[in-house]
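1. need a structure here:
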Amino acid sequence: MVKALMYFVVGTLISFFLRRLTGSPVDFWVELYVASAFGIGWGLAYFVDHPDWSLPKKMGISFLGIIFLVVLGLLCFDFEVAVSSILKFSTVFVAYYMIASFRESKSLRY
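-> A predicted model of the protein is given here:
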């Protein structure tokens, strides 16, 4: 759990600073929210990377992450920002498992 939180923090910081340095800065809170979607995706992918967990359990936990991002995005921002955060979360989540699929253990954790 501690390592998953570390991946969340590091992923959020990297994404935030890359967005601030490479793009035209928009609202600070929007950028922080979208960067946290990257961090949540990376941290949650690492968290559910247990070979003994069933696929429905992994997908259920990732779905809860998506629900959290949607609710937070719709409460604090507009629809477009909420959708972009879901796309970022999903891209990072799938990328994590695509990279893991090249390993013999099918996991980046072990």
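
2. Can you name the next helix or strand after the strand or helix carrying Ile61?
-> Applying DSSP states H and E as the criterion places Ile61 in helix 55-76. Counting by DSSP H and E, the next helix or strand C-terminal to helix 55-76 is helix 79-101.

3. And that following helix, how far out from the chain middle?
-> Distance of helix 79-101 from its chain centroid, counting by CA atoms, centre = their mean, to the nearest Å, is 6 Å.

4. Just want the angle from it to helix 55-76.
-> Helix 79-101 and helix 55-76 are oriented at 150 degrees to each other (axes from the mean of the first three to the mean of the last three CA atoms, to 10 degrees).

5. in helix 79-101, what counts as buried?
-> By neighbour count on 16 or more other CB atoms under 10 Å, the buried set for helix 79-101 is 81-82, 84-86, 88-90, 92-93, 96, 100. Using the backbone N, CA and C atoms, a C-beta is placed for each residue, glycine as well.
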